[in-house]
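Student: 3D model of this:
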Amino acid sequence: MAGLREFFESSKGKLIALIAGIVLLVVLFFVVWSNLGSPATEIARDRMYIDSTTGKAFEHTLKAGDVVPVKAPSGKNTGYPAEFCYWTADGKIKDKPTPVLLNSYVGKPGPTYCPDCGRVVVMHNPAPMIGAKPPPTKAEWDARGTRGAADQGDGR
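Tutor: Prediction:
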């Protein structure tokens, strides 16, 4: 122990201790930084929104203090979270989903229909699984009446 103390009191020992301390701080910085900026965190912050005035979809990265509606590219606070429609008009699964603005966000009554395929889109719209039945079109929804909607609970 006395030999170590004597070594670290020398100029060579002080230099090695300083270098080791800097290396330790750099490693600590990168460990903390990598845990704060994980890919899962980035995915959760990056979201698709729709400008309610223009109808155009845009990406928005959530920041602390953001409230809905967020500032849209039009310059106004008219950005609402997009739900995704995964279906085609003929009931097949799409390769690339269509972002949809829900009527409930902008105070419109009734269910929301995808502008691309005409099928019902609901909040937290689930991605389809192979073999799943597509959501109803407006004509199918209207034909079901209120009983069909209440039976399913999620608009399907």
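Student: residue 7 contacts residue 14, doesn't it?
Tutor: No. Judged on CB atoms under 8 Å, residue 7 makes no contact with residue 14 at a distance of 9.6 Å. Placement of C-beta: from N, CA and C, glycine included.
Student: show me where the chain has strands.
Tutor: Along the chain, counting by DSSP state E, strands occupy 46-51, 57-61, 79-81, 83-87, 93-100, 112-113, 120-121.
Student: format those strands as a markdown table; extra columns: mean pLDDT.
Tutor: Shown next, in a markdown table, are these (pLDDT from 0 to 100):
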| stretch | mean pLDDT |
| --- | --- |
| strand 46-51 | 90 |
| strand 57-61 | 93 |
| strand 79-81 | 96 |
| strand 83-87 | 95 |
| strand 93-100 | 94 |
| strand 112-113 | 96 |
| strand 120-121 | 96 |
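Student: of those, which approaches residue 22 most closely?
Tutor: In terms of CB to CB, the element of the strands of the chain nearest to residue 22 is strand 57-61, at 33.2 Å.
Student: beta partners for residue 85?
Tutor: Beta-bridge pairing for residue 85 (DSSP bridges): residue 98.
Student: which residues touch residue 119?
Tutor: By CB atoms under 8 Å, 6 or more residues apart in numbering, residue 119 lies in contact with 85, 87, 89, 113, 134, 135, 136, 137.
Student: excluding sequence neighbours, find me the nearest residue to it.
Tutor: Leaving aside its sequence neighbours, residue 119 sits nearest to residue 135 (CB to CB, 6 or more residues apart in numbering; 4.6 Å).
Student: tell me how far that neighbour lies from residue 9.
Tutor: 76 Å (CB to CB, to the nearest Å).
Student: same thing with residue 104?
Tutor: From residue 104 to residue 9 the distance is 72 Å (CB to CB).
Student: ok so, going back, filter the contacts of residue 119 down to the buried ones.
Tutor: Buried positions within those, assessed by neighbour count (16 or more other CB atoms under 10 Å), are 85, 87, 113, 134, 135, 136, 137.
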